[in-house]
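Chemist: predicted model and sequence follow; I will ask about them next.
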Amino acid sequence: MPTLNPPLAFAIQRVCFDEHYQPSDSTRITTNFANLARGAKRQENLRNALKMINNRFNALARWDNPGADRYAVELEIISVQMRFGADGPGDAVPAIEVLKTHILDKQTGKRTEGIVGNNLSSYVRDYDFSVLLQRHNQNRTAFSIPDNFGDLHGKLFQHFVHSEAYRQNFAKPPVICLSVSDNKTYHRTENQHPVLGLEYVPEASSLTERYFKKMGLQVRFFMPPNSVAPLAFYFFGDLLNDYTNLELISTISTMETFQKIYRPEIYNANSVAGACYRPDLKNPDHSITQIVYDREERSRLAVEQGQFAEEHFIKPYQALLEQWTAGPLH
(Lines give C-alpha, C1' and ligand atoms only; values in the text may rest on other atoms or scores of the structure.)
Protein backbone atom coordinates (compact mmCIF):
# COMPACT_ATOMS: atom_id res chain seq x y z
CA MET A 1 0.00 0.00 0.00
CA PRO A 2 1.62 3.32 -1.05
CA THR A 3 2.20 5.64 1.90
CA LEU A 4 3.78 9.03 2.27
CA ASN A 5 7.12 8.85 4.03
CA PRO A 6 7.58 11.20 5.79
CA PRO A 7 3.81 11.52 6.32
CA LEU A 8 1.87 14.61 5.29
CA ALA A 9 1.00 16.75 8.32
CA PHE A 10 -1.48 19.61 8.55
CA ALA A 11 -1.43 22.80 10.63
CA ILE A 12 -4.48 25.02 11.11
CA GLN A 13 -4.49 28.78 11.60
CA ARG A 14 -7.57 30.88 12.39
CA VAL A 15 -8.15 34.51 11.45
CA CYS A 16 -11.25 36.47 12.42
CA PHE A 17 -13.16 37.73 9.38
CA ASP A 18 -14.80 40.97 10.49
CA GLU A 19 -14.83 44.61 9.38
CA HIS A 20 -11.25 44.99 10.64
CA TYR A 21 -9.89 42.05 8.62
CA GLN A 22 -6.78 42.74 6.58
CA PRO A 23 -5.12 40.18 4.30
CA SER A 24 -1.65 39.13 5.37
CA ASP A 25 1.24 40.73 3.52
CA SER A 26 3.23 37.51 3.54
CA THR A 27 0.64 35.07 2.19
CA ARG A 28 -2.10 35.14 -0.40
CA ILE A 29 -5.18 34.70 1.74
CA THR A 30 -8.28 33.26 0.05
CA THR A 31 -8.83 35.53 -2.91
CA ASN A 32 -12.55 35.99 -2.26
CA PHE A 33 -12.02 37.44 1.20
CA ALA A 34 -8.91 39.40 0.33
CA ASN A 35 -10.69 40.89 -2.67
CA LEU A 36 -13.35 42.49 -0.47
CA ALA A 37 -10.76 43.71 2.03
CA ARG A 38 -8.67 45.83 -0.31
CA GLY A 39 -8.98 49.35 -1.65
CA ALA A 40 -10.41 52.59 -0.34
CA LYS A 41 -13.77 51.00 0.51
CA ARG A 42 -12.38 47.90 2.22
CA GLN A 43 -13.98 48.50 5.62
CA GLU A 44 -17.29 49.58 4.09
CA ASN A 45 -17.23 46.46 1.89
CA LEU A 46 -16.69 44.19 4.87
CA ARG A 47 -19.22 45.95 7.08
CA ASN A 48 -21.91 45.78 4.38
CA ALA A 49 -21.22 42.12 3.58
CA LEU A 50 -21.46 41.14 7.26
CA LYS A 51 -24.69 43.12 7.62
CA MET A 52 -26.15 41.28 4.64
CA ILE A 53 -25.20 37.95 6.23
CA ASN A 54 -26.82 38.83 9.57
CA ASN A 55 -29.99 40.17 7.94
CA ARG A 56 -30.35 37.02 5.85
CA PHE A 57 -29.72 34.77 8.86
CA ASN A 58 -32.46 36.48 10.90
CA ALA A 59 -34.88 36.38 7.97
CA LEU A 60 -34.46 32.59 7.77
CA ALA A 61 -34.44 32.00 11.57
CA ARG A 62 -37.91 33.48 12.03
CA TRP A 63 -39.07 31.53 15.07
CA ASP A 64 -38.88 33.36 18.45
CA ASN A 65 -37.33 36.25 16.55
CA PRO A 66 -40.07 38.89 16.12
CA GLY A 67 -37.66 41.77 15.58
CA ALA A 68 -35.53 39.80 13.08
CA ASP A 69 -32.44 40.83 15.06
CA ARG A 70 -31.82 38.01 17.51
CA TYR A 71 -28.77 36.42 15.86
CA ALA A 72 -25.37 37.45 14.54
CA VAL A 73 -22.98 35.33 12.48
CA GLU A 74 -19.28 35.40 13.35
CA LEU A 75 -16.80 34.13 10.77
CA GLU A 76 -13.30 32.71 10.89
CA ILE A 77 -10.98 32.07 7.98
CA ILE A 78 -9.45 28.64 8.47
CA SER A 79 -6.07 28.40 6.74
CA VAL A 80 -4.57 24.94 6.37
CA GLN A 81 -0.88 24.40 5.72
CA MET A 82 0.73 21.09 4.88
CA ARG A 83 4.24 19.73 5.10
CA PHE A 84 5.92 16.34 5.08
CA GLY A 85 6.20 15.40 8.72
CA ALA A 86 6.39 17.74 11.69
CA ASP A 87 10.02 18.45 10.79
CA GLY A 88 9.82 17.38 7.20
CA PRO A 89 11.79 18.72 4.25
CA GLY A 90 11.04 22.19 2.99
CA ASP A 91 8.72 24.88 4.22
CA ALA A 92 5.05 24.41 5.02
CA VAL A 93 2.89 24.93 1.92
CA PRO A 94 -0.48 26.71 2.02
CA ALA A 95 -3.08 24.14 1.03
CA ILE A 96 -6.73 24.91 1.75
CA GLU A 97 -8.76 27.78 3.13
CA VAL A 98 -12.36 27.51 4.27
CA LEU A 99 -14.74 29.49 6.45
CA LYS A 100 -16.04 28.54 9.89
CA THR A 101 -19.32 30.04 11.07
CA HIS A 102 -20.30 30.74 14.67
CA ILE A 103 -23.80 31.77 15.75
CA LEU A 104 -24.30 34.37 18.47
CA ASP A 105 -27.73 34.40 20.12
CA LYS A 106 -27.92 37.98 21.36
CA GLN A 107 -31.03 37.18 23.43
CA THR A 108 -29.36 34.51 25.56
CA GLY A 109 -25.70 35.41 25.02
CA LYS A 110 -25.02 31.85 23.85
CA ARG A 111 -22.41 31.31 21.13
CA THR A 112 -22.60 28.04 19.19
CA GLU A 113 -20.51 26.55 16.43
CA GLY A 114 -21.84 26.62 12.91
CA ILE A 115 -20.45 24.77 9.92
CA VAL A 116 -16.88 24.56 8.69
CA GLY A 117 -16.32 24.69 4.95
CA ASN A 118 -18.74 27.04 3.23
CA ASN A 119 -16.28 28.67 0.84
CA LEU A 120 -13.31 26.65 -0.46
CA SER A 121 -10.01 28.01 -1.73
CA SER A 122 -7.37 25.44 -2.58
CA TYR A 123 -3.95 25.92 -4.14
CA VAL A 124 -3.95 22.48 -5.77
CA ARG A 125 -7.48 23.04 -7.08
CA ASP A 126 -6.29 26.35 -8.57
CA TYR A 127 -3.44 24.43 -10.20
CA ASP A 128 -5.83 21.87 -11.64
CA PHE A 129 -8.33 24.33 -13.13
CA SER A 130 -6.24 27.43 -13.86
CA VAL A 131 -2.92 25.85 -14.88
CA LEU A 132 -3.16 22.14 -15.75
CA LEU A 133 -6.57 22.22 -17.48
CA GLN A 134 -5.70 25.35 -19.46
CA ARG A 135 -2.31 23.93 -20.48
CA HIS A 136 -3.88 20.60 -21.47
CA ASN A 137 -6.39 22.30 -23.82
CA GLN A 138 -4.09 24.99 -25.18
CA ASN A 139 -3.63 23.49 -28.66
CA ARG A 140 -6.67 21.22 -28.82
CA THR A 141 -9.63 21.80 -31.09
CA ALA A 142 -12.01 20.04 -28.66
CA PHE A 143 -12.07 20.49 -24.90
CA SER A 144 -10.92 17.46 -22.90
CA ILE A 145 -9.97 16.54 -19.34
CA PRO A 146 -6.46 15.29 -18.43
CA ASP A 147 -6.10 11.74 -17.16
CA ASN A 148 -6.49 11.43 -13.38
CA PHE A 149 -7.73 15.03 -13.20
CA GLY A 150 -8.50 15.89 -9.58
CA ASP A 151 -7.12 12.65 -8.10
CA LEU A 152 -4.37 14.35 -6.08
CA HIS A 153 -6.60 17.12 -4.78
CA GLY A 154 -9.32 14.65 -3.85
CA LYS A 155 -6.84 12.51 -1.93
CA LEU A 156 -5.36 15.54 -0.14
CA PHE A 157 -8.78 16.86 0.88
CA GLN A 158 -9.99 13.53 2.25
CA HIS A 159 -6.64 13.03 4.00
CA PHE A 160 -7.13 16.40 5.72
CA VAL A 161 -10.75 15.69 6.75
CA HIS A 162 -9.65 12.37 8.29
CA SER A 163 -6.60 13.89 9.96
CA GLU A 164 -6.01 14.37 13.67
CA ALA A 165 -5.69 18.11 13.06
CA TYR A 166 -9.23 18.21 11.67
CA ARG A 167 -10.70 16.07 14.45
CA GLN A 168 -9.12 18.24 17.12
CA ASN A 169 -10.56 21.43 15.65
CA PHE A 170 -13.95 20.56 14.19
CA ALA A 171 -16.86 18.50 15.48
CA LYS A 172 -18.59 17.76 12.16
CA PRO A 173 -17.58 17.12 8.55
CA PRO A 174 -17.39 20.15 6.24
CA VAL A 175 -20.10 21.48 3.95
CA ILE A 176 -19.03 23.47 0.89
CA CYS A 177 -21.61 25.78 -0.70
CA LEU A 178 -21.01 26.92 -4.29
CA SER A 179 -22.84 28.47 -7.21
CA VAL A 180 -24.74 26.31 -9.64
CA SER A 181 -23.13 25.76 -13.04
CA ASP A 182 -24.07 28.23 -15.75
CA ASN A 183 -23.91 25.56 -18.48
CA LYS A 184 -26.36 23.09 -16.92
CA THR A 185 -30.15 22.98 -16.68
CA TYR A 186 -31.81 22.27 -13.31
CA HIS A 187 -35.31 20.94 -12.66
CA ARG A 188 -37.31 21.64 -9.52
CA THR A 189 -38.54 18.61 -7.60
CA GLU A 190 -41.42 18.20 -5.15
CA ASN A 191 -39.00 17.94 -2.23
CA GLN A 192 -38.94 20.93 0.11
CA HIS A 193 -36.95 21.49 3.30
CA PRO A 194 -38.03 24.16 5.83
CA VAL A 195 -34.60 25.86 5.75
CA LEU A 196 -32.82 24.64 2.61
CA GLY A 197 -35.96 25.20 0.57
CA LEU A 198 -36.88 23.71 -2.80
CA GLU A 199 -34.68 20.97 -4.17
CA TYR A 200 -33.47 20.99 -7.79
CA VAL A 201 -31.72 18.27 -9.77
CA PRO A 202 -29.42 18.83 -12.77
CA GLU A 203 -29.87 17.16 -16.13
CA ALA A 204 -26.22 16.12 -16.13
CA SER A 205 -23.25 16.34 -13.79
CA SER A 206 -20.73 19.15 -14.21
CA LEU A 207 -16.94 19.01 -14.13
CA THR A 208 -17.06 20.66 -10.69
CA GLU A 209 -19.40 17.94 -9.39
CA ARG A 210 -17.11 15.19 -10.69
CA TYR A 211 -14.11 16.96 -9.19
CA PHE A 212 -15.77 17.25 -5.78
CA LYS A 213 -16.85 13.61 -5.95
CA LYS A 214 -13.15 12.72 -5.93
CA MET A 215 -12.96 14.71 -2.69
CA GLY A 216 -15.54 12.27 -1.26
CA LEU A 217 -18.38 14.80 -1.41
CA GLN A 218 -21.97 14.31 -2.52
CA VAL A 219 -23.97 17.24 -3.88
CA ARG A 220 -27.59 18.41 -3.63
CA PHE A 221 -29.13 21.63 -4.94
CA PHE A 222 -31.59 23.71 -2.92
CA MET A 223 -33.16 27.13 -3.36
CA PRO A 224 -33.79 28.54 0.16
CA PRO A 225 -36.94 30.53 0.97
CA ASN A 226 -36.97 33.98 -0.70
CA SER A 227 -33.90 33.15 -2.78
CA VAL A 228 -33.88 33.53 -6.56
CA ALA A 229 -31.60 30.63 -7.53
CA PRO A 230 -30.51 27.28 -6.08
CA LEU A 231 -27.17 26.78 -4.34
CA ALA A 232 -24.96 23.69 -4.63
CA PHE A 233 -24.28 22.01 -1.26
CA TYR A 234 -21.34 19.57 -1.19
CA PHE A 235 -21.22 17.33 1.88
CA PHE A 236 -20.36 14.01 3.53
CA GLY A 237 -23.08 11.93 5.16
CA ASP A 238 -26.65 13.26 5.42
CA LEU A 239 -27.00 16.98 4.76
CA LEU A 240 -30.60 17.22 5.98
CA ASN A 241 -30.13 15.34 9.25
CA ASP A 242 -26.50 15.76 10.32
CA TYR A 243 -26.77 19.52 10.83
CA THR A 244 -29.18 21.69 12.82
CA ASN A 245 -31.39 24.29 11.19
CA LEU A 246 -29.28 27.11 12.65
CA GLU A 247 -26.09 25.49 11.34
CA LEU A 248 -27.60 25.25 7.86
CA ILE A 249 -28.84 28.84 8.05
CA SER A 250 -25.36 30.05 8.93
CA THR A 251 -24.04 28.52 5.71
CA ILE A 252 -26.94 29.74 3.57
CA SER A 253 -26.77 33.31 4.85
CA THR A 254 -23.00 33.49 4.45
CA MET A 255 -22.64 31.91 1.04
CA GLU A 256 -25.76 33.43 -0.52
CA THR A 257 -24.40 36.84 0.46
CA PHE A 258 -21.04 36.13 -1.18
CA GLN A 259 -22.75 34.81 -4.30
CA LYS A 260 -24.87 37.98 -4.55
CA ILE A 261 -21.60 39.90 -4.58
CA TYR A 262 -19.64 37.54 -6.85
CA ARG A 263 -22.40 36.42 -9.23
CA PRO A 264 -25.22 38.98 -9.09
CA GLU A 265 -26.45 37.89 -12.54
CA ILE A 266 -27.58 34.62 -10.92
CA TYR A 267 -28.08 35.29 -7.21
CA ASN A 268 -29.25 38.91 -7.33
CA ALA A 269 -31.44 38.43 -10.39
CA ASN A 270 -34.74 40.27 -10.49
CA SER A 271 -36.69 37.10 -11.34
CA VAL A 272 -36.92 33.81 -9.44
CA ALA A 273 -35.75 30.49 -10.88
CA GLY A 274 -38.65 28.56 -12.36
CA ALA A 275 -39.39 24.83 -12.49
CA CYS A 276 -36.83 24.47 -15.29
CA TYR A 277 -33.84 26.69 -14.63
CA ARG A 278 -30.64 27.46 -16.54
CA PRO A 279 -28.33 29.96 -14.79
CA ASP A 280 -27.11 32.82 -16.97
CA LEU A 281 -23.95 34.80 -16.17
CA LYS A 282 -24.90 37.25 -18.93
CA ASN A 283 -28.34 37.98 -17.46
CA PRO A 284 -28.80 41.78 -17.67
CA ASP A 285 -31.88 41.78 -15.40
CA HIS A 286 -30.14 41.83 -12.04
CA SER A 287 -29.27 44.21 -9.24
CA ILE A 288 -25.78 45.17 -8.12
CA THR A 289 -24.82 45.26 -4.45
CA GLN A 290 -22.99 48.29 -3.07
CA ILE A 291 -19.94 46.10 -2.45
CA VAL A 292 -16.89 46.48 -4.69
CA TYR A 293 -15.57 43.20 -6.09
CA ASP A 294 -12.87 42.64 -8.70
CA ARG A 295 -13.57 39.53 -10.79
CA GLU A 296 -10.47 39.97 -12.94
CA GLU A 297 -8.22 39.96 -9.88
CA ARG A 298 -9.88 36.81 -8.61
CA SER A 299 -9.12 35.00 -11.88
CA ARG A 300 -5.55 36.29 -11.96
CA LEU A 301 -4.85 35.20 -8.40
CA ALA A 302 -6.22 31.74 -9.15
CA VAL A 303 -3.54 31.36 -11.83
CA GLU A 304 -0.84 32.71 -9.50
CA GLN A 305 -1.86 30.38 -6.67
CA GLY A 306 -1.95 27.43 -9.06
CA GLN A 307 1.54 28.23 -10.30
CA PHE A 308 2.73 28.55 -6.69
CA ALA A 309 1.35 25.08 -5.90
CA GLU A 310 3.08 23.63 -8.95
CA GLU A 311 6.45 25.19 -8.10
CA HIS A 312 6.51 24.56 -4.36
CA PHE A 313 4.55 21.32 -3.95
CA ILE A 314 3.64 19.37 -7.07
CA LYS A 315 6.94 19.45 -8.95
CA PRO A 316 9.29 18.94 -5.95
CA TYR A 317 7.34 15.90 -4.74
CA GLN A 318 5.86 14.68 -8.02
CA ALA A 319 7.02 11.06 -7.94
CA LEU A 320 6.05 10.62 -4.30
CA LEU A 321 2.64 12.22 -4.79
CA GLU A 322 1.84 10.18 -7.92
CA GLN A 323 2.61 6.94 -6.09
CA TRP A 324 0.54 7.98 -3.06
CA THR A 325 -2.41 9.20 -5.16
CA ALA A 326 -2.61 5.87 -6.98
CA GLY A 327 -3.14 3.96 -3.71
CA PRO A 328 -6.15 3.65 -1.40
CA LEU A 329 -7.11 6.45 0.99
CA HIS A 330 -6.08 4.67 4.19
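Modeler: Ah, there it is. A quick note: this is a predicted structure, and the numbers were derived from the prediction, not measured. Numbers count the residues shown, from 1 in each chain.

Chemist: only C-alpha atoms from now on, for both contacts and neighbour counts.
Modeler: Fine.

Chemist: where along this structure do the helices fall?
Modeler: 31-36, 42-60, 123-127, 133-136, 151-161, 164-169, 207-213, 239-242, 245-262, 264-267, 295-309, 318-326 (DSSP state H).

Chemist: contacts for the second one?
Modeler: In other words, helix 42-60. Helix 42-60 is touched from outside by 18-20, 36-37, 65, 68-73, 195, 225, 249-250, 252-254, 257-258, 290-292, with contacts defined as Cα atoms under 8 Å, 6 or more residues apart in numbering.

Chemist: of these, grab the buried ones for ChimeraX.
Modeler: Applying 16 or more other Cα atoms under 10 Å to the contacts of helix 42-60, the buried members can be selected in ChimeraX as follows:
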select :18,19,36,37,68,69,70,71,72,73,195,249,250,252,253,254,257,258,291,292
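
Chemist: next one: A319 from R135, what distance?
Modeler: According to Cα to Cα, to the nearest Å, A319 and R135 sit 20 Å apart.

Chemist: and what of P146?
Modeler: 10 Å.

Chemist: same check, this time on D69
Modeler: D69 sits 50 Å away from R135, taking Cα to Cα as the criterion.

Chemist: just for the protein, where's the confidence low?
Modeler: Applying pLDDT under 70 to the chain flags residues 1-6, 24-34, 85-90, 293-298, 328-330.

Chemist: try it again with 90
Modeler: For the chain, applying pLDDT under 90 flags the ranges 1-9, 18-46, 82-95, 138-142, 147, 261-262, 288-305, 308, 312-313, 316-330.

Chemist: mind checking which residue lies nearest the centre of it?
Modeler: N119 (2.3 Å; Cα atoms, centre = their mean).

Chemist: now for the nearest residue to that one once chain neighbours are set aside, how many residues are close by?
Modeler: In space, and not counting its chain neighbours, N119 is closest to V98: 5.3 Å by Cα to Cα, 6 or more residues apart in numbering. By the criterion of other Cα atoms under 10 Å, V98 has 20 neighbours.

Chemist: could you do V80 as well?
Modeler: V80: 21 neighbours (other Cα under 10 Å).

Chemist: residues in contact with it?
Modeler: F10, A11, I12, Q13, P94, A95, I96, E97.

Chemist: same check, this time on A92
Modeler: Q81, M82, R83.

Chemist: what is the first one paired to in the beta sheet?
Modeler: The one in question is Q81. With DSSP bridges as the criterion, Q81 is bridged to A11, P94.

Chemist: contacts only, for it.
Modeler: Per Cα under 8 Å, 6+ apart, neighbours of Q81: F10, A11, I12, A92, V93, P94, A95, I96.

Chemist: appreciated, that's everything.
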